[in-house]
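A.B. asks: Kindly generate the corresponding structure for this input.
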Amino acid sequence: MSQPDVQYPRYRSHLLPRTREGRIAALAFVVLLAFAEPPLVYVLANRITPWVFGMPFLFAYLLGLYLAMIAVLIWAAWRGV
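C.D. replies: Numbering: from 1, shown residues only. Predicted coordinates:
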């Protein structure tokens, strides 16, 4: 006896955003992450001489990027993306 051919529903990949807001959030997060990784961080922020709020520029730059990435994640979660 053979099993009947059952057609299961096909779902899109869970790794790809399904909505426009999801694509925007994913792209914004990846772009911000790229600015926090070498070689971009070496080119843009590899200096300590200007101090910002009592921190070297590199630390202030990375703190700003990480806060922006957290803001993108909170926005995406709040929108239900």
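
A.B. asks: need the contact list for the residue positioned nearest the centre of the chain.
C.D. replies: For the chain, residue 29 is the residue whose C-alpha lies nearest the centre (C-alpha atoms, centre = their mean; 2.0 Å). For residue 29, the contact set (C-beta atoms under 8 Å, 6 or more residues apart in numbering) comprises 69, 72-73, 76. All C-beta atoms are positioned from the backbone trio N, CA, C, and that covers glycine.

A.B. asks: can you do 7 Å?
C.D. replies: The contact partners of residue 29, by C-beta atoms under 7 Å, 6 or more residues apart in numbering, come to 69, 72-73.

A.B. asks: Out of those residues, grab the one that's most surrounded.
C.D. replies: For the contacts of residue 29, counting by other C-beta atoms under 10 Å, the largest number of neighbours falls to residue 72: 20 neighbours.

A.B. asks: returning to that earlier point: for the residue nearest to the centre of the chain, pull up the helix or strand it's in.
C.D. replies: Element membership of residue 29 [criterion: DSSP states H and E] is helix 20-35.

A.B. asks: Give me the mean pLDDT for that helix.
C.D. replies: What helix 20-35 shows for mean pLDDT is 96.

A.B. asks: where does this structure dip in pLDDT?
C.D. replies: When residues are selected by pLDDT under 70, those of the chain lie in 1-4.

A.B. asks: Just the contacts of residue 29: which are in helices?
C.D. replies: Under the assignment DSSP state H, the contacts of residue 29 contribute 69, 72-73 to helices.

A.B. asks: how about CSV for the residues you listed, with distance to residue 46 added?
C.D. replies: Compiled in CSV, those are given as follows (distance: C-beta to C-beta, whole Å):
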residue, distance to residue 46
69, 20
72, 24
73, 26
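
A.B. asks: From residue 74, how far out is the closest residue in space to residue 19 that isn't next to it in sequence?
C.D. replies: Distances taken as C-beta to C-beta, 6 or more residues apart in numbering put residue 81 closest to residue 19, at 6.0 Å, once the chain neighbours are dropped. Separation of residue 81 from residue 74 (C-beta to C-beta, to the nearest Å) stands at 11 Å.
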